[in-house]
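S.K.: quick one, fold the following:
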Amino acid sequence: MTSNARYFTHLALAVCGLMFALPKAALADTLSVCLEENSDPYSWKHGSEQGGFDLKVAAAVAAALGKKLTIQWFETENEEESFPDREANALISAGLCDLVAGYPMFGGALAEPASETALLPGHEGQNPATRHQFVELGVLAPSRPYHHAPLQVIVGPKGWGRLIETLSDLNGLSLGAEQGTLTDTIFMAYRAGYMASRVIHVVPQSGILSRLEEGAFDAILIELHRFDAYRRKHPDTQLRATNYRHALGFNMGFVGLKSRPDLLAQVNDVIDSLVTEEKFAPLADSVGMTFIPPNEPEILDRISPGHLFGG
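M.R.: Residues are numbered from 1 along each chain as shown. The predicted structure follows:
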């Protein structure tokens, strides 16, 4: 499949009797943004209810541009064969949206695509005929970042009151890690295996925060937004975020097609204005998310050994 134009054409003919239909992303008076439907607190949709920080940012950008916001919800699989950069590229290249929000500003995720085509991820309104068809990919280009996503140490009661300035300060605590993840690599490789014997592995996406709450281990290193989402659902939690943030983290922003520089320039102007007006922190606070402003450099070109093993 080279695009989803055939789907939009058939839909328009069936509903309106027109000779053609433009994808949502091509409408001049709208800004169409793709959001992941299960990424609380960034973006979420459950039935008719929807929300999240990225949704609020998208709405603020659309309003500043004088455009109507339309959202294309999509889902991504938590599987080893899933490639989020290709999924984002496919959604935009297919014309389903102008931008994808909450995209990591990482050189590897912004390089020219490794393959010419990619499968569209599952998305709202998907036509059964497009489920196993491929999209010809373009080249992605980033906006300015609008927040930073850090890795933070979270502790249970045994870690309360402990000053944690480096990972070495976790000495004496048992550690939980989702097997095969970035945080697992950090823990296992730190100081040539200094903490390896104290790491308890769990299956990814199996409730590591709940396991920490139950006392299966004393501390974890995890994406801060995941703890924010957990804390919002469990306001009586005994877990605490420490002040320690790992050196490795990612700025987050919008991504669009490199072939549409005018749109990205307009979005960048709006982001700069929202930064000047200090609008992002209140938007984050309204959804229970801890706001961390972007770090320098805006785009992390590569992950170095210093990023992984420092701290």
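
S.K.: the biggest helix by length in the chain packs against which elements?
M.R.: Looking across the chain with DSSP state H, the single longest helix is helix 261-276. Judged by 3 or more CB pairs under 8 Å, 6 or more residues apart in numbering; DSSP states H and E, helix 261-276 is in contact with helix 53-65, strand 140-155, strand 240-257. Bear in mind the C-beta positions are built from the backbone N, C-alpha and C, glycine included.

S.K.: make CSV out of these and add mean neighbour count and distance to residue 303.
M.R.: Converted to CSV, those look like this (neighbours: other CB atoms under 10 Å; distance: least, CB to CB, whole Å):
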stretch, mean neighbour count, distance to residue 303
helix 53-65, 22, 23
strand 140-155, 22, 12
strand 240-257, 20, 7
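
S.K.: could I get these as a markdown table with distance to residue 36?
M.R.: Conversion of the helices and strands packed on helix 261-276 to a markdown table gives the following (distance: least, CB to CB, whole Å):
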| stretch | distance to residue 36 |
| --- | --- |
| helix 53-65 | 8 |
| strand 140-155 | 14 |
| strand 240-257 | 12 |
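
S.K.: how is this structure divided into domains?
M.R.: According to automatic domain parsing, the chain comprises the domains 5-148+251-286, 150-249+304-309.

S.K.: with distance to residue 292 and mean pLDDT added, can I get those in a markdown table?
M.R.: As requested, the domains of the chain are arranged in a markdown table below (distance: least, CB to CB, whole Å; pLDDT from 0 to 100):
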| stretch | distance to residue 292 | mean pLDDT |
| --- | --- | --- |
| domain 5-148+251-286 | 4 | 86 |
| domain 150-249+304-309 | 6 | 94 |
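
S.K.: would you turn these into JSON lines with distance to residue 297?
M.R.: Output for the domains of the chain, formatted as JSON lines (distance: least, CB to CB, whole Å):
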{"stretch": "domain 5-148+251-286", "distance to residue 297": "8"}
{"stretch": "domain 150-249+304-309", "distance to residue 297": "12"}
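
S.K.: ok so, going back, what's the closest of the helices and strands packed on helix 261-276 to residue 282?
M.R.: Counting by CB to CB, residue 282 lies closest to helix 53-65 out of the helices and strands packed on helix 261-276; the figure is 9.3 Å.

S.K.: got the CA coordinates for that closest one in CSV?
M.R.: Provided in CSV are the C-alpha atoms of helix 53-65 (Å, rounded to 0.1, in the frame of the first residue of the first chain):
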residue,chain,number,x,y,z
PHE,A,53,-1.2,16.5,28.4
ASP,A,54,-0.5,16.0,24.7
LEU,A,55,-4.1,16.5,23.9
LYS,A,56,-4.2,19.8,25.8
VAL,A,57,-1.0,20.9,24.1
ALA,A,58,-2.4,20.0,20.7
ALA,A,59,-5.5,22.0,21.5
ALA,A,60,-3.5,25.0,22.5
VAL,A,61,-1.4,24.9,19.3
ALA,A,62,-4.5,24.5,17.1
ALA,A,63,-6.2,27.5,18.8
ALA,A,64,-3.1,29.7,18.4
LEU,A,65,-3.0,28.8,14.7
